[in-house]
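**Q** any chance you can model this:
(chains A and B)
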There are 2 protein chains.
Amino acid sequence: MTYLQLSNEIRRKGSFLCVGLDTDVRLIPEHLRKCEYPLFEFNKAIINATAPYAVAFKPNTAFYEALGGNGWKQLEMTVSFIKEHYPETLVIADAKRGDIGNTAGMYARCFFENMNCDAVTLAPYMGEDSVRPFLDYEGKWSVILALTSNSSAEDFETLAIAGKHPEQLFEKVLRTASGWGSKENTMFVVGATRPERFVEIRAICPDHFLLVPGVGAQGGSVDEVARYGLNDHCGLLINSSRNIIYASDGENFAKSAAEEAANLASKMALLL
Amino acid sequence: MTYLQLSNEIRRKGSFLCVGLDTDVRLIPEHLRKCEYPLFEFNKAIINATAPYAVAFKPNTAFYEALGGNGWKQLEMTVSFIKEHYPETLVIADAKRGDIGNTAGMYARCFFENMNCDAVTLAPYMGEDSVRPFLDYEGKWSVILALTSNSSAEDFETLAIAGKHPEQLFEKVLRTASGWGSKENTMFVVGATRPERFVEIRAICPDHFLLVPGVGAQGGSVDEVARYGLNDHCGLLINSSRNIIYASDGENFAKSAAEEAANLASKMALLL
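**A** Here you go, the predicted structure:
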């Protein structure tokens, strides 16, 4: 999916919502837990219910790996289901991978070729050669961690880097990593929990899409993020996971998820 | 496995070798590729052949994920095989995970509870709360990236951090992360390709075990690493992957791997 296609899809749906599929087998409704593929059955219902309001889905690989080979299979089934039924939505594997070149190449092959995801989240610590194999895939996206939503982000991400132009580590990451590819194949993760930081971030990366977790359960606000983060092509994907997918644990869980997603999307429509 | 048990095992075997199981289905001998579980069949032969010379095995998760659910199953089978037949060896899942607390908890559960690995490699970028859930498991190890063996390590890992005591990012990571746990549950990844840096690293972490990739295919030297990196309890696990497991692609591959491992181990015995 290209930058323009994503931007147009956002305009068409009036939403820049990404639904996070952090599907925990211990938290899904009880009647689904006995299925052969409980995560997939849950996801299918959530995807069908929320697709009118979302431009992206973001399965979090940890929750599938926690079920071993069967969980991995359900991750693949989930991605296939989205690509088949909602090919206009972006599928982001939230995997936060990062390793030396030949290993990074295996991860890229796994998520882009085998699983046909559109995007993967990546950790920047090891530098360019850990991201390069992902950037080499045409039409695919590398979503690189910059300033994350967790409180320990301040351990390293906001360290002051010495030099002529003082900046923090996450700013250095944005500046350096935005030069590895372009706005056509690179996004950055910036948490919603520090909305005032979007001003500096937009000064470094005015055009790039930013994937923004931390709205909802983690306390970030859609209005605040949009105020500082929107650009001419929207340039934002705001993610909500737990608040949407666990809006209810009853048999009506999908309807509740749709209501929550519709609620966020209607806020977004006003902001666009 | 405790620090003392690992140290004693190194003394007993006269080796601090870790064999990296970067098992690529395209590189294993042809006669194995048609098995139902080709990676596992290959690993079993490599493990049996090299166990006398190794104190640790390090499966690299990327190579298993690249085969989807079946690959993940073979990773689990490999770990089970090692724990059953060679319980005295350390199993390190080379996964380089790093995510917010609740997701990190899922990864910890996956690798430590479900798969029964002894250790997992972790990326430090997101800070303490991305590592904490792993440290909370007694008798398990967090192996945190510090200075890696790839050339792009210089993009961020060696950046100068501003402050009263100037230091590079990887030194800050070592200093900060060594305070999260202790030498009993934390190791650091330091590449063999920069052996002179072990002097500064040992000044920060004299006692911690260091997992050292980059010997062999990547050009690092066992002698150089040992000269600067050994401590009173050895404190090193030197990893070799491709040079050992792909020593031959014929039917005698396991014998060739054993010879390569024995060769490295005999160097190590002299250094201990």
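**Q** what does the stretch 101-250 of chain A have sitting close to chain B?
**A** Contact residues (Cβ under 8 Å from any Cβ of the partner chain) of the stretch 101-250 of chain A with chain B: A:101-104, A:106-107, A:109-110, A:114-115, A:123-130, A:145, A:148-157, A:159-163, A:166, A:169, A:172-173, A:176, A:213. In this view, the C-beta of every residue, glycine as well, is placed from N, C-alpha and C.
**Q** in strands, which of the residues you listed appear?
**A** A:145, A:160, A:161 (DSSP state E).
**Q** re the thing from before, can you flag the buried ones in the residues of the stretch 101-250 of chain A next to chain B?
**A** Among these, those buried by neighbour count (16 or more other Cβ atoms under 10 Å in any protein chain shown) are A:101-104, A:106-107, A:109-110, A:115, A:123-130, A:145, A:148-150, A:152-153, A:155-157, A:159, A:161, A:169, A:172-173, A:176, A:213.
**Q** so of those, which ones are in helices?
**A** A:101-104, A:106-107, A:153, A:155-156, A:169, A:172-173, A:176 (DSSP state H).
**Q** in CSV: these, plus pLDDT.
**A** As requested, those are exported to CSV (pLDDT from 0 to 100):
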residue, pLDDT
A:101, 93
A:102, 93
A:103, 96
A:104, 97
A:106, 97
A:107, 97
A:153, 96
A:155, 98
A:156, 98
A:169, 98
A:172, 97
A:173, 98
A:176, 98
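**Q** residue A:203 sits in which helix or strand?
**A** In the assignment (DSSP states H and E), residue A:203 maps to helix A:198-204.
**Q** residues in contact with that helix?
**A** Residues outside helix A:198-204 that contact it (Cβ atoms under 8 Å, 6 or more residues apart in numbering or on different chains): A:146-147, A:171, A:174-175, A:178, A:188, A:190, A:210, A:225, A:228-229, A:231.
**Q** now, the most widely separated pair of those?
**A** Greatest spacing in those, by Cβ to Cβ: A:175 and A:225 (21.1 Å).
**Q** of these two, which one has the most company?
**A** Taking other Cβ atoms under 10 Å in any protein chain shown, residue A:175 and residue A:225 do not tie; residue A:225 has more neighbours (25 against 13).
**Q** mind listing what that one touches?
**A** Applying Cβ under 8 Å, 6+ apart to residue A:225 gives the contacts A:192, A:195, A:198, A:212, A:215, A:236, A:238.
**Q** OK, contacts around the residue lying closest to the fifth one once chain neighbours are set aside?
**A** Using Cβ to Cβ, 6 or more residues apart in numbering or on different chains and skipping the chain neighbours, the partner closest in space to residue A:215 is residue A:192 (4.7 Å). Residue A:192 sits next to A:149, A:212-215, A:218-222, A:224-225, A:238 when contact means Cβ under 8 Å, 6+ apart.
**Q** tally of neighbours for residue A:30?
**A** Look at residue A:30: counted by other Cβ under 10 Å, it has 9 neighbours.
**Q** quick one: it from chain B, how far?
**A** Look at residue A:30 and chain B: by Cβ to the nearest Cβ, to the nearest Å, they are 20 Å apart.
**Q** tell me how far the closest residue in space to that residue that isn't next to it in sequence lies from chain B.
**A** Nearest non-adjacent residue to residue A:30, counting by Cβ to Cβ, 6+ apart: residue A:249, 7.8 Å away. Distance, residue A:249 to chain B, using Cβ to the nearest Cβ: 17 Å.
**Q** right, and residue A:249 touches residue A:27 too?
**A** Yes. Here residue A:249 reaches residue A:27: they are 7.1 Å apart, a contact under Cβ atoms under 8 Å.
**Q** just put the contacts of helix A:198-204 in a markdown table and tack on pLDDT.
**A** Putting the contacts of helix A:198-204 into a markdown table (pLDDT from 0 to 100) gives the following:
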| residue | pLDDT |
| --- | --- |
| A:146 | 98 |
| A:147 | 97 |
| A:171 | 97 |
| A:174 | 98 |
| A:175 | 97 |
| A:178 | 98 |
| A:188 | 98 |
| A:190 | 97 |
| A:210 | 98 |
| A:225 | 95 |
| A:228 | 94 |
| A:229 | 96 |
| A:231 | 96 |
